[in-house]
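Visitor: The sequence and its predicted three-dimensional model are supplied below.
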Amino acid sequence: MANIGHFIGGALVSDSLREIPVYNPSTGGVDNTVATASLETVKHAIEKATNAFPAWRDTPPAKRVKVMQNFKLLLDENKDTICELIGQEHGKIGHDALGELTRGIENVEYTLGIAEKLKGEHSNNVGPDIDSWSEFAPVGVVAGITPFNFPAMVPLWMYPIAIACGNCFILKPSEKAPSAPLFIAKLLKEAGLPDGVMNVVNGDHEVVNALLTDDRIKAVSFVGSTNVAEYIYKTAADNGKRCQALGGAKNHAIVMPDADLDNAVEQLIGAAFGSSGERCMALSVAVAIGDDVADRLIDKLSTAMEGLKVGPYHDNSANFGAVISAEHRDAVVAHINSAEEQGAKILIDGRHTKVDGYENGYFVGGTLIDNVTTEMSSYQAEIFGPVLQIVRVSSMEDAMRLVNEHEYGNGTCIFTRDGEAARYFSKNIEVGMVGINIPLPVPVSYHSFGGWKRSVFGDLGAYGPDAVRFYTKRKTITQRWPSNGVREGIKFSFPS
Ligand code: NAD
């Protein structure tokens, strides 16, 4: 059993205030522990990053891109190792881990054009003999705090762009899945990144608080649950930092009477149960317009769900794996219990699912619940498990009201063949990422990712163009070179 340490200034550091067990959700065993960094270790990482910043800031973007090119190749070469690490600690199946890593690598590919994105803006002749331009400078040392459910992809949303923009970075990955982010960060050294530009400190909230309160950290990117996101955003702001904090979700799929139901069912099954529902974009509520649609949908879902296979992470024939911990499995089961107690109907019950040979794994089977209403706690909360709830409404307006009144606003989707309805939906729905016959409308790397309402705190989304703005600060220079030495003389009115 290893104690997973930190990566600071280009070297592995093994300081450990406490050791936190890291579980293998497929077996329920503890394979490793992860070190919690002491305050001195966090300060050491910040110092290394601060010292590395001036030289990295002054490194031409084209040279930074060379490092990212090498990094991308190393990620490709090490895919199998990374997916294995993800599976061991997260429990997701190999094919799903590869999907996550591929989306992460696309964010590295986006940085290969960073010189173009940092070009700035220029205006000639804004006044007599006056030119003006804006430059985009890196903000300094940036911290990233990430969740367990995408151990590779979510960190890759953050630091490739931050580093390509000339910043130094300190990552605090989830203590539940620390190995893949640590392994990947070390590849940056191999790719030629100078020591201190990228650092990883492990631990839990104490490490986060040390990062949030240190003046040398200029910006914080956070992805995780909503209550923590809100705390991070407020604390970072109180400490004078720029912050983007992405939180939890409850994503509804609206199923219209004219939808291609067979397609909707296929899409719903993947988006509700893939990764055991542990995705912030998981579709966890299907809103059926009319009882006829609801009945037909349930009929087809029930048939399709008979074939669902749950298994350990290395069984590529399984559809999804275990949930992250025994505690989380119990929380998912408690949500299903509460739905039942509050009057919903459990149509397919995954509460007692066991996988042969993995009796101690944290498995919950695919669960389908009908007659869910908005008063039920299982409807209001983010369950983050393989549970699909059906809500019956009588009109599209009622369905949209449900979505708009929910506290979260991350993703949503409508299944329809009616272009007018789809357009009306996308225009009027209060959600940040909208799919039309697309169940997981996760933007590609050259757009940006972000929800609305309590799914996000802060103004700018993750990755893509928003991230370039988040990780840089604008400086606008206005200059005059008077022709023939002509001077304007003293002026007391505001320049116009
Ligand atoms: P979490 O909030 O428990 O943990 C996220 C990070 O915050 C971890 O690094 C953890 O160590 C740290 N943390 C936890 N409690 C803290 C505290 N009190 N003070 C300071 N730091 C703290 O989230 P999780 O369980 O790891 O991840 C699942 C959640 O993340 C879900 O709610 C999911 O929707 C959300 N998520 C959101 C997005 C998005 O883009 N909106 C993406 C992925 C996951």
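Guide: Good, I have the coordinates. Numbering: from 1, shown residues only.
Visitor: in which helix or strand would I find residue 219?
Guide: strand 217-223 (DSSP states H and E).
Visitor: Identify the residues contacting that strand?
Guide: Strand 217-223 is contacted from outside by 46, 139-147, 154, 157-158, 162, 167, 170, 211-212, 228-229, 232-233, 236, 241-246, 280, 462, 470-471, using Cβ atoms under 8 Å, 6 or more residues apart in numbering. C-beta coordinates here come from the backbone N, C-alpha and C atoms, glycine included.
Visitor: Please apply the same query to stretch 105-114.
Guide: Counting by Cβ under 8 Å, 6+ apart, 61, 64-65, 68-69, 71-72, 75-76, 156-157, 160-161, 163-165, 444-446, 463-464, 468 sit against stretch 105-114.
Visitor: Among those residues, the buried ones, what's the ChimeraX command?
Guide: Here is the ChimeraX command that selects the buried residues among the contacts of stretch 105-114 (16 or more other Cβ atoms under 10 Å):
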select :61,64,65,68,71,72,75,156,157,160,161,163,164,165,445,463,464,468
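Visitor: Which ones among the contacts of strand 217-223 lie within strands?
Guide: Counting by DSSP state E, the part of the contacts of strand 217-223 found in strands is 141-145, 170, 242-246.
Visitor: Pull up the pairing partners for the strand holding residue 219, direction included.
Guide: strand 141-145 (parallel), strand 242-246 (parallel) (DSSP bridges).
Visitor: and that strand, does that touch the ligand?
Guide: Yes: Strand 217-223 is in contact with the ligand by Cβ under 6 Å from any ligand atom, via residue 223.
Visitor: same question, stretch 19-26
Guide: No: counting by Cβ under 6 Å from any ligand atom, the ligand has no neighbours in stretch 19-26; the shortest distance is 9.6 Å.
Visitor: which parts of that stretch are buried?
Guide: Quick answer for stretch 19-26 (16+ other Cβ under 10 Å): 20, 22-26.
Visitor: The closest residue to the ligand within the stretch 251-400 of the chain: what's its closest spatial neighbour, skipping adjacent residues?
Guide: Using Cβ to the nearest ligand atom, the single residue of the stretch 251-400 of the chain nearest to the ligand is residue 280, 3.3 Å away. Ranked by Cβ to Cβ, 6 or more residues apart in numbering and with sequence neighbours excluded, the top spatial neighbour of residue 280 is residue 249, at 4.7 Å.
Visitor: tell me the centre residue of this protein?
Guide: residue 154 (4.6 Å; Cα atoms, centre = their mean).
Visitor: do you know how far that one is from the ligand?
Guide: Distance, residue 154 to the ligand, by Cβ to the nearest ligand atom, to the nearest Å: 6 Å.
Visitor: heads up, I number from 22, so please use that
Guide: Will do, 22 is the new start, and the previous item becomes residue 175.
Visitor: Surely residue 284 is in a helix?
Guide: Yes: per DSSP: H, G, I helix; E, B strand; the rest coil, residue 284 lies within a helix segment.
Visitor: Return the residues of the stretch 272-421 of the chain in contact with the ligand.
Guide: Residues of the stretch 272-421 of the chain lying near the ligand (Cβ under 6 Å from any ligand atom): 301, 403, 405.
Visitor: how about the nearest residue to the second one once chain neighbours are set aside, secondary structure?
Guide: What it means is residue 403. For residue 403, ignoring the flanking residues on the chain, the nearest one in space by Cβ to Cβ, 6+ apart is residue 269 at 4.4 Å. Here residue 269 is recorded as coil under three-state DSSP.
Visitor: shouldn't residue 269 be in contact with residue 301?
Guide: Yes: counting by Cβ atoms under 8 Å, residue 269 touches residue 301, with 6.5 Å between them.
Visitor: Need the overlap of contacts for those two.
Guide: 431, 476.
Visitor: The two - which one has more neighbours?
Guide: Using other Cβ atoms under 10 Å, the more surrounded residue of residue 269 and residue 301 is residue 301, with 26 against 21.
Visitor: count of neighbours near residue 398?
Guide: The burial count for residue 398: 13, using other Cβ under 10 Å.
Visitor: quick revisit: so of the contacts of stretch 126-135, which ones are in helices?
Guide: Per DSSP state H, helices hold the following members of the contacts of stretch 126-135: 82, 85-86, 89-90, 92-93, 96-97, 177-178, 181-182, 184-185, 485, 489.
Visitor: from the stretch 222-371 of the chain, which residue is nearest to the ligand?
Guide: residue 245 (2.7 Å).
Visitor: tell me the contacts of the closest residue to that residue other than its chain neighbours?
Guide: Of all residues not flanking residue 245 in the chain, residue 168 sits nearest, at 4.4 Å (Cβ to Cβ, 6+ apart). Residue 168 makes contacts with 175, 195, 244-246, as judged by Cβ under 8 Å, 6+ apart.
Visitor: Residues in a beta bridge with residue 411, which ones?
Guide: Here residue 411, judged by DSSP bridges, has bridge partners residue 307.
Visitor: isn't it right up against residue 393?
Guide: Yes: assessed by Cβ under 8 Å, residue 411 is found in contact with residue 393 at 6.2 Å.
Visitor: joint contacts of the two?
Guide: With Cβ under 8 Å, 6+ apart as the test, residue 411 and residue 393 both reach residue 306.
Visitor: which residues in the stretch 122-271 of the chain form helices?
Guide: Using DSSP state H, counting those that start in this stretch, the helices of the stretch 122-271 of the chain run over residues 135-138, 174-185, 200-211, 226-233, 247-259.
Visitor: all strands of the stretch 22-171 of the chain, in order?
Guide: 23-25, 27-29, 32-34, 40-45, 50-56, 142-148, 151-159, 162-166 (DSSP state E, counting those that start in this stretch).
Visitor: didn't residue 110 look like it was pressed against residue 196?
Guide: No: between residue 110 and residue 196 no contact is recorded; they are 10.1 Å apart, counting by Cβ under 8 Å.
Visitor: These two: who's more crowded?
Guide: residue 110 (27 against 20).
Visitor: Look up how far the ligand lies from the more buried one.
Guide: 12 Å.
Visitor: cool, and residue 82?
Guide: 27 Å.
Visitor: Excluding residues flanking it in the chain, which one is nearest that residue?
Guide: Residue 82 sits nearest to residue 136 (Cβ to Cβ, 6+ apart), 4.1 Å away.
Visitor: What residues does the one you found make contact with?
Guide: 82-83, 86.
Visitor: coming back round to it: ok, now which ones touch the residue nearest to the centre of the chain?
Guide: 167-168, 244, 483.
Visitor: which residue does the stretch 22-171 of the chain bring closest to the ligand?
Guide: residue 168 (3.0 Å).
Visitor: Let's see the pLDDT reported for that residue.
Guide: Per-residue confidence at residue 168 stands at 98 (pLDDT).
Visitor: got it, and the one 10 residues further on?
Guide: In this model, residue 178 is scored at 98, pLDDT.
Visitor: likewise residue 22?
Guide: pLDDT, read off for residue 22, is 84.
Visitor: Without its sequence neighbours, what residue ends up closest to residue 46?
Guide: Distance criterion Cβ to Cβ, 6+ apart; nearest residue to residue 46, sequence neighbours excluded, is residue 112 at 3.4 Å.
Visitor: Now do residue 198 against the ligand, distance only.
Guide: Relative to the ligand, and taking Cβ to the nearest ligand atom, residue 198 is found at 8 Å.
Visitor: quick one: contacts for that residue?
Guide: With Cβ under 8 Å, 6+ apart, residue 198 has these contacts: 43, 107, 110-111, 169, 172, 345.
Visitor: How about residue 473?
Guide: 430-431, 451-453.
Visitor: Can you classify residue 499 by secondary structure?
Guide: Assignment for residue 499 (three-state DSSP): strand.
Visitor: Quick check: it touching residue 155?
Guide: No: at 10.0 Å, residue 499 does not count as touching residue 155 under the criterion of Cβ under 8 Å.
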